[in-house]
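In: Here is my input; please provide its structure:
(chains A, B, C and D)
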Number of protein chains: 4
Amino acid sequence: MGEQAGLKVAVIGGGSSYTPEIVEGFIKNYEQMPIRELWLVDIEAGKHKLDIVGNLAKRMVKEAGVPIDVHLTLERERAIEGADFVTTQMRVGLLEARKRDEHIPIMHGVIGQETTGPGGMMKALRTIPVLLDICRDIERLAPEAWMLNFTNPAGIVTEAVTKHSRVRSIGLCNSPINFKKFLAEQYGVTEAEVLPEFVGINHLHWVTSAAVKGVEKLPELLDGGKTYTATNVPTLGWDAEFLRSLGAIPTYYLKYFYMTDVMFDEMQEALSKDGTRADVVSRVEAELFELYKDESLRVKPKQLEQRGGAYYSEAAVNLMNSLYTDKHDIQTLNVSNGNTYDFLPADASIEVNCVVTAQGPIPLPPRRVPEHIKGLLHAVKTYEQLTIEAAVSGDRGIALQAMVHHPLVPSVSVAKTLLDEMLEANRAYLPQFFKL
Amino acid sequence: MGEQAGLKVAVIGGGSSYTPEIVEGFIKNYEQMPIRELWLVDIEAGKHKLDIVGNLAKRMVKEAGVPIDVHLTLERERAIEGADFVTTQMRVGLLEARKRDEHIPIMHGVIGQETTGPGGMMKALRTIPVLLDICRDIERLAPEAWMLNFTNPAGIVTEAVTKHSRVRSIGLCNSPINFKKFLAEQYGVTEAEVLPEFVGINHLHWVTSAAVKGVEKLPELLDGGKTYTATNVPTLGWDAEFLRSLGAIPTYYLKYFYMTDVMFDEMQEALSKDGTRADVVSRVEAELFELYKDESLRVKPKQLEQRGGAYYSEAAVNLMNSLYTDKHDIQTLNVSNGNTYDFLPADASIEVNCVVTAQGPIPLPPRRVPEHIKGLLHAVKTYEQLTIEAAVSGDRGIALQAMVHHPLVPSVSVAKTLLDEMLEANRAYLPQFFKL
Amino acid sequence: MGEQAGLKVAVIGGGSSYTPEIVEGFIKNYEQMPIRELWLVDIEAGKHKLDIVGNLAKRMVKEAGVPIDVHLTLERERAIEGADFVTTQMRVGLLEARKRDEHIPIMHGVIGQETTGPGGMMKALRTIPVLLDICRDIERLAPEAWMLNFTNPAGIVTEAVTKHSRVRSIGLCNSPINFKKFLAEQYGVTEAEVLPEFVGINHLHWVTSAAVKGVEKLPELLDGGKTYTATNVPTLGWDAEFLRSLGAIPTYYLKYFYMTDVMFDEMQEALSKDGTRADVVSRVEAELFELYKDESLRVKPKQLEQRGGAYYSEAAVNLMNSLYTDKHDIQTLNVSNGNTYDFLPADASIEVNCVVTAQGPIPLPPRRVPEHIKGLLHAVKTYEQLTIEAAVSGDRGIALQAMVHHPLVPSVSVAKTLLDEMLEANRAYLPQFFKL
Amino acid sequence: MGEQAGLKVAVIGGGSSYTPEIVEGFIKNYEQMPIRELWLVDIEAGKHKLDIVGNLAKRMVKEAGVPIDVHLTLERERAIEGADFVTTQMRVGLLEARKRDEHIPIMHGVIGQETTGPGGMMKALRTIPVLLDICRDIERLAPEAWMLNFTNPAGIVTEAVTKHSRVRSIGLCNSPINFKKFLAEQYGVTEAEVLPEFVGINHLHWVTSAAVKGVEKLPELLDGGKTYTATNVPTLGWDAEFLRSLGAIPTYYLKYFYMTDVMFDEMQEALSKDGTRADVVSRVEAELFELYKDESLRVKPKQLEQRGGAYYSEAAVNLMNSLYTDKHDIQTLNVSNGNTYDFLPADASIEVNCVVTAQGPIPLPPRRVPEHIKGLLHAVKTYEQLTIEAAVSGDRGIALQAMVHHPLVPSVSVAKTLLDEMLEANRAYLPQFFKL
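Out: Okay, here's the model as predicted:
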């Protein structure tokens, strides 16, 4: 890559409302990472949104005065051909599918969430075949490209790509970068001066160390008595005794597992008030696209930041930058386990600190893996492996095993009911399960 | 051992209503395994029952005409000194404690069971310190003895003994021998002609192979269409599609995990009708001891067989026999993992087929470990490890982590409530948690 | 197998001088293992010997009065079709090739031996492709057959079969059965009453435990002061201090590694007196075939026992018998490692105690693996893996790496010289290395 | 550390001729790593040299105008008390012992080298007890200090410290930094722009990747046809075909294993011309100390660079700097294996790229571990483990096993002879082997 005059980036799902963020990132980092061609690609159903957001992207680039060519296209192969980076931010089935992912489980007393539980499983079943299809293009047209998956469930889909294609793929989540920002803000230092360690997998990690300028701050972070000054406090809402004896800070998503009762009640209440999270997002997106249409808008609008997914594009641009410049900095990424955890398969995706080199990320083994968390981690990874196998094979029996063995699904009978309803509800997107 | 004129066996908890079974076993096997001294030992509170059952044991031995000296004692050290085998069948806290183990969880919507879930955890916390105290005696007075644990939760307590003493210890459960008997009965062959493989740990195993005269019968056993002729059918009550896709027969205890809803409802209903299982057992035991008092009774009464725990003593006598005679037969036992499962610690207890030699059992690695079950297995083992650590340290934080990470406990808040109530209810038996 | 009226056995290399031994074994075990058809198959070049030994086999069967049909054939496919067992006792390149295997290394100061060192490597390179070709037939014509490899180097060729075919294969050596016989004889007990543990791989194992009726006898066996009564004493010739600190009895073949100087000198001297071992064997074989020609000979001649390879056929017949009858006895076999040794690959062949069932052997993990021996064991296994890869690929570079990394080859330059000369000398049997 | 006004460093073996190098390093890095106190400590026998080199150090500091207090002392405890860093550069038995380490093996046909083979083993046996004694002081007087071992054999002694003390210890060698300098020089880039990967242990590593600005250059480095421009070419002297098929660049020290014949001949010839390497070093040191005495010398003399050990102090200062400043750069260090290599024990020392943080180095798992090298690596590590055990226990049997299992020792009989002679020759330094 290093010898090229400029880079080519393809953004699959380029019509997303997030696109202005990543475009802003490319503009800011232009000096170190000179992107020559930016291809925003989407499917026919997303053409309208692609046009709106794509034209905003063009205006942003022009305003910034950087020589990035922005291409809008529905032809995926043209976008991918010769690309240095391919990012994916897809939503197979659109927000309508997400709505069902969130709604159906709650009807049966189970957490209904976009990435965790039966909802996340359905999203994975819909997404993996599409993503592997994209991989076939990349293998053929851009075999040296790096594929960056923001597409959720990011850990599962990255593992699927690793297992079933030759594409070099990395999964990304904004949760670790958010923790780093919290830690830096809390102690008044830069992000480069903090080094938290993350143990686990995507949306199921525990922070087991939090060094600030080399000094361990975890004990005081776990201590409920501390007056926090930062805004996005990750220990809020957790029981203090539990945190102290856990000896680690769980990611927000672990509330679905450790505080299932509270989370379910919140979800059920929110559902009756605002509908699903998908409904809320749907309204926010509509407003954003209204803004984007405004020809006088030439920068990323402030309102996008409220959309959630904060710092996703910062994480993505950081990663591309370090891959491109062989930077050797530490980023928290979803990559293959290797020997990192001896109780998980080598090809399982994990979320882990990595040193990022031009040859790819190298995982940094956490110094300490609390015994407490190994079982739950293995249980969720088991579900993930089965989900991938089900997505690729279309085998209903394997899908049932995945559903049954998810720790949030309370019994075989509930699992069967959920599987029946949810496969049926997703029939249009799951041809592998409905072969003649 | 082999050079002695006869063997010495100490039965800790000798006043148990089960004792006539094991005595019958010793009588039947006298030729191969000549026991000279049988010491039944109990605590002061159990003296009355010890006298009743001990005198029955003496009458049984006399009736059979075998030269076994039966000793009744409250002095544990005398019983243990120089013993070849020490068996434990204790119930720290008696049936009253079991009652609470079963009752309190149900009050909070959680499975309340003697060995599984919060009830099993409390039983372990009460039992482990007492058992380790016995181990101190064995280390000193009978360092070459084999300790056979029937005391539940047998896997956990055996692991505790392995980790915290030098005693040679093996855990025993009647579940595997029952499966073998079912399989033999079903196909009209002898037990020696069947070879099922068990994957997992005590009360959490899956049968992954079922060879009859060397031919694999698992697929047809999993097939719901089969007309069973045996009485104790292990696939009854399971969903047929689930079983087929699981590709293994789960132990009965796995219903607490896979059919939590059904099992909880059954328990709640039974509770309102008959009280806890402890209440039922209490009544049965009272009737048994009435029988035992009858001086004309000189053999094991038929009624004992309805007590549950079928074939426990057969399993125990088989094991002693094979250790004594260096028999090299295959038995399913609770021993240390070693390398058997690469995702569990080497010192974790597992329930596994073993070749029994005079130097001890050697675990036979199962040929196939389904991916499906690894996560749940690891999750429960994590709870078990934490429980042992809590029992030995008396650390409430570790106990909380054990409770939280048990797959049947739905949240941190329920875990805290259960822990508070159950530790308090067991205060008299948990001095390690109530140090000044 | 169990349902057939009788068994079919194919002996590849049926013209070997050993054949009368295995025939004798089949005759003796006819009751338990009723062989209906015995197919002795050989190549064109071996037809003469096949006829001689095959006719003796027919006379032996007739004399014994057992209804085994003995077939002599050059058509391998007919012999294999529908077979229950296929045994291999081949010598690709005949004794002439062995002669070169033994002679060339000695010319360059390196141990020249049939199975160990550069000689064994060449034998593996010649044999593996032929064996895999046979496997293609078995996969097609007798997919349920068990293949028993006596063909040396038995561990390497068995691993090659496991890695590169779907044939169910087991490797066999007479060294473990000889140790058991020694142990039984020494203590005046039956073979069933001894249980030695073997750690390692074929021709590179250490006996780490030697239980006699369940009592550990290893310390006294290692103690030089003991007066041995048995004839085939495995500790003879070893340095007493070395043995004691090793804490294990090494197999005879380990003298090539631990006593390289002494062994090399012996070989060099023997070479000048009697030629290579191949020359000696050649003379013995000629004499045997003279005997076999005698039409009045109707039993295995005593002289065959001096041929070496004692108890090979006993080991083979025992194994077939236990596979056929689902016997669950313990035999020492060459099978895949699985998790037995965590420092070796799962698909590496190891020589290990196994429980033999109708579904195949299950390896029994040794209780103790001395740290001392892990490095050497891994070093030789590395050479073996590379040799298999070289044999299958015909890649000279990999062959060079195999040769260099054999612990008995002193340097890269010697390795290159040996490789050049030995590949050239075997050109006729190594087409994979001489592609145009 | 971060909150102190300045750092305290103790140099054990401060009288070494190398000291001016490390002093120069401290002066150059003063801005980032402000050392307040530098304690040079030595034993009585080294007092004369300590005075000479210590006074040079004082002159160097004064000349540079940095406020470092240089203390010379024979009181180890005072030097260690409260230190932030303790470096060790000892030579137990002085050059006389090294002379014997090099000479005796050659007399018996074995490589005689300071760190590799029987010589290295003796050095380890002499050094480990002394080092562990120092550790006792550090545990008591400076428990937070980092101990940096340059003392050879650096891998073995670091593993001994990790296994037998609570001191935080890191082993250092100049070989990796030399390779980085070669690579940077060869391609005209900075050291920060190269990233070679090292697989193995101290003095037994293979370079398996050599990225320059993120581009893999290993194939062309292995290609003999390349015209090198750098001076210190690591592929010189190796057979081209061997290197290519190895697919990695072996460290110089691997010539003792791969080119034993050539190296032995060179050593024998050098011995007859110049005596041992110890003799040569002895002469060089005498000259250096003559120079150091010169009161007008106020900087490190150029001649020291010819002494060998190039860049040792640069490596050391880099490491201290990164530990002090929490730098997160990549350095190649000797640390505990953890899960890096699944075929070696977790507590084995390995030489590996690490990210250096204030909390210590984190090993970066190599992306590729060639199968070829696993056996030799494990064999040498086995010898190392046994050597540590022998050093700590003084058990002659274990020492014999270490010697026998070193790949360069050809037989048990040679091992016994070497052990007898070398233990006796080192009697004054090996009290653990000569207890009454």
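In: which residues of the stretch 301-436 of chain A score low on pLDDT?
Out: Residues of the stretch 301-436 of chain A meeting the criterion pLDDT under 70: A:308-310, A:436.
In: do that again at 90, thanks
Out: Within the stretch 301-436 of chain A, the stretches with pLDDT under 90 are A:301-314, A:435-436.
In: would you list every one of the helices in it?
Out: A:312-325, A:374-393, A:396-404, A:412-425 (DSSP state H, counting those that start in this stretch).
In: and if you look at the stretch 1-150 of chain A?
Out: Taking DSSP H, counting those that start in this stretch as the criterion, the stretch 1-150 of chain A carries its helices at A:19-28, A:47-64, A:76-80, A:94-107, A:118-141.
In: So which residues on the stretch 251-400 of chain A come close to chain D?
Out: A:326, A:328-330, A:338-342, A:355, A:357-360, A:362-365, A:367 (C-beta under 8 Å from any C-beta of the partner chain). (C-beta placed from N, C-alpha, C; glycine too.)
In: With A:Asp329 as the reference, measure out to whichever residue of the stretch 101-250 of chain A sits closest to chain B.
Out: The minimum distance from the stretch 101-250 of chain A to chain B, using C-beta to the nearest C-beta, falls at A:Ser245 (3.0 Å). Distance of A:Ser245 to A:Asp329, given as C-beta to C-beta, to the nearest Å: 34 Å.
In: the more surrounded of these two?
Out: Counted by other C-beta atoms under 10 Å in any protein chain shown, A:Ser245 and A:Asp329 do not tie: A:Ser245 has more neighbours, with 20 against 16.
In: Do I have it right that the more buried one meets B:Met403?
Out: No. Between A:Ser245 and B:Met403 there is no contact under C-beta atoms under 8 Å: 10.4 Å.
In: So is stretch A:379-392 next to chain B?
Out: Yes. Interface with chain B: stretch A:379-392 contributes A:379-383, A:385-386 (C-beta under 8 Å from any C-beta).
In: What is the nearest of these to B:Pro67?
Out: Using C-beta to C-beta, A:Ala379 is the member of the residues of stretch A:379-392 next to chain B that lies nearest B:Pro67, at 54.3 Å.
In: Which residues are in contact with the closest one?
Out: Neighbour list for A:Ala379: A:405, A:407, B:375-376, B:378-379, B:407 [criterion: C-beta atoms under 8 Å, 6 or more residues apart in numbering or on different chains].
In: Alongside chain D, which residues does the stretch 51-200 of chain A contribute?
Out: Contact residues (C-beta under 8 Å from any C-beta) of the stretch 51-200 of chain A with chain D: A:192-193, A:195.
In: Give the PyMOL command for selecting the buried subset of those residues.
Out: One line in PyMOL is enough to select the buried ones among those; burial here means 16 or more other C-beta atoms under 10 Å in any protein chain shown:
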select buried, chain A and resi 193+195
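In: any idea which of the residues of the stretch 51-200 of chain A next to chain D is the one closest to chain D?
Out: Among those, and counting by C-beta to the nearest C-beta, the member closest to chain D is A:Leu195, at 5.9 Å.
In: and that closest one, what element?
Out: Taking DSSP states H and E as the criterion, A:Leu195 maps to strand A:194-201.
In: Neighbours of A:Asp69, how many?
Out: Neighbour tally, A:Asp69, other C-beta under 10 Å: 13.
In: so it makes contact with A:Phe26?
Out: No. Taking contacts as C-beta under 8 Å, A:Asp69 lies outside contact range of A:Phe26: 11.7 Å.
In: Touching both of those two, which residues are there?
Out: By C-beta under 8 Å, 6+ apart, the residues touching both A:Asp69 and A:Phe26 are A:Leu38.
In: Any idea how many residues pack against the closest residue to A:Val404 other than its chain neighbours?
Out: Excluding the flanking residues, the one nearest A:Val404 by C-beta to C-beta, 6 or more residues apart in numbering or on different chains is A:Ala415, at 4.4 Å. Using other C-beta under 10 Å, A:Ala415 has 25 neighbouring residues.
In: before we move on, the earlier item: columns pLDDT on top of the residues of the stretch 51-200 of chain A next to chain D, output as JSON lines?
Out: As requested, those are arranged in JSON lines below (pLDDT from 0 to 100):
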{"residue": "A:Ala192", "pLDDT": "94"}
{"residue": "A:Glu193", "pLDDT": "96"}
{"residue": "A:Leu195", "pLDDT": "97"}
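In: Looks like A:Thr151 contacts A:Leu131 (just checking).
Out: Yes. Contact criterion C-beta under 8 Å: A:Thr151 and A:Leu131 qualify, at 6.9 Å.
In: residues shared between the contacts of the two?
Out: With C-beta under 8 Å, 6+ apart as the test, A:Thr151 and A:Leu131 both reach A:88, A:90, A:157.
In: Sweet, I'm off.
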